[in-house]
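# The sequence and its predicted three-dimensional model are supplied below.
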Amino acid sequence: MKALFQLVMSNKHLINQLVKRDVQQRYKGSYLGILWSFITPLFMLAIYTYFFGFVFNNRWGGSGTDNKFEFALLLFCGLIIFNFFSEVVTKSPQLLISNTNLVKKVVFPLEILTIVLARSAFIHTLISMGILVIGLVFVGGIHWTIIFLPIVVLPIIFFALGASWFLASIGVFIRDISQFIGLFMQALMFLSPIFYPITSIPQSLRPIYYLNPLTYVVEDMRRILIWGQMPDWKFTLIGMVFGIVVLLLGFHWFRKTKGGFADVL
């Protein structure tokens, strides 16, 4: 943890510059620019709300709210977290391959590339959260429990970073991993409580769902933002510990394997 903290602090200016470059390149040449960060989540939210809320006429948990707008916000809480995690994880296997010129520079700290990726993705997550907060104002106001939001989302940030270091390293040696991750993330979307609450899952299967780090974060986001309830501190603590363990293991793995990157690439 000390080595990770020192890495971030000693390269914070470089990280900021790379994040800025990444955001600018994403929308380079487009007429709407960063407005796409607002349009994309709103469009996906509208599509999912239409099909799940109107075509299938779902209620939350089978007998929950009839308010379609509140139903949309419940979906949006899950989509925000999933989209952040998905962006970081799916881009990680190609991260070093697409930055071969940096890999071959002896003095460049390769570890920060995953940090840049996660920070860039989180910028768009913050934009989506802003949209969510505006929606909450129209539904019934903002609950004071929103102050717990940073604590609730921290575990998935740790987990995403750790997974990114693992996948970025493995992607150099096993190119097929990126194809596998694409399929895995499609399955994970429907195996996470994004379009349904965890209470709709049979009791016997819930322990399996709680192995999914997205579960803790998505459920707690709904508690603190939609219903004004306290987070489930037990599962938040479990998720935090799990996230930190994956973070440190991923960082250690990356440092141990990075010596062979230049030879393979």
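That came through, no problem. Worth saying up front: this structure is predicted, and the values here are computed from it rather than measured.

# Look at residue 119 and tell me its secondary structure.
For residue 119, the assignment made with DSSP: H, G, I helix; E, B strand; the rest coil gives helix.

# Near it, how many other residues are there?
Neighbours of residue 119 under the rule other C-beta atoms under 10 Å: 19. Just so you know, the C-beta spots here come from the backbone N, C-alpha and C atoms, and that holds for glycine as well.

# Check the gap between the residue nearest to it when sequence neighbours are not counted and residue 122 for me.
Leaving aside its sequence neighbours, residue 119 sits nearest to residue 19 (C-beta to C-beta, 6 or more residues apart in numbering; 4.9 Å). To residue 122, residue 19 is 9 Å away according to C-beta to C-beta, to the nearest Å.

# Just the pLDDT for the residue nearest to residue 119.
Among the per-residue scores, residue 19 holds a pLDDT of 90.

# tell me the contacts of it?
Contacts of residue 19 were listed using C-beta atoms under 8 Å, 6 or more residues apart in numbering, and they are 116, 119, 120, 123.

# List the buried residues in the lowest-mean-pLDDT helix or strand in the chain.
The weakest-scoring helix or strand in the chain, judged by mean pLDDT, DSSP states H and E, is helix 36-49 (a mean of 78). Buried residues in helix 36-49, counted by 16 or more other C-beta atoms under 10 Å: 37, 41, 45, 48, 49.

# can you redo those as TSV with distance to residue 172?
Compiled in TSV, the buried residues of helix 36-49 are given as follows (distance: C-beta to C-beta, whole Å):
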residue	distance to residue 172
37	30
41	32
45	36
48	35
49	40
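
# Extract the residue ranges of the protein that are flagged as low pLDDT.
32, 52-53, 55-68, 106 (pLDDT under 70).

# can you pull out the helices in it?
For the chain, helices defined by DSSP state H occupy the ranges 2-10, 12-26, 36-49, 68-91, 100-103, 112-139, 149-173, 177-190, 206-209, 213-221, 233-257, 261-264.

# coming back round to it: and the contacts of residue 19, which is closest to residue 89?
Comparing the contacts of residue 19 against residue 89 with C-beta to C-beta picks out residue 120 as the nearest, at 13.7 Å.

# Please point out which parts of stretch 170-188 sit buried.
170, 171, 172, 177, 178, 181, 188.

# related to what we said a few turns ago, which of the helices of the chain sits most buried?
Ranked by mean neighbour count, the helices of the chain are led by helix 213-221 with a mean of 25 (mean count of other C-beta atoms under 10 Å).

# tell me which strands and helices it is in contact with?
In terms of contacts (3 or more C-beta pairs under 8 Å, 6 or more residues apart in numbering; DSSP states H and E), helix 213-221 is packed against helix 68-91, helix 149-173, helix 233-257.

# export those helices to a markdown table and tack on distance to residue 221?
Output for those, formatted as a markdown table (distance: least, C-beta to C-beta, whole Å):
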| stretch | distance to residue 221 |
| --- | --- |
| helix 68-91 | 4 |
| helix 149-173 | 6 |
| helix 233-257 | 11 |
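
# Which one of the ones you listed lies nearest to residue 135?
Nearest to residue 135, of all these, is helix 68-91, at 5.2 Å by C-beta to C-beta.

# Run the angle between the closest one and helix 149-173 for me.
Angle, helix 68-91 to helix 149-173, by axes from the mean of the first three to the mean of the last three C-alpha atoms, to 10 degrees: 30 degrees.
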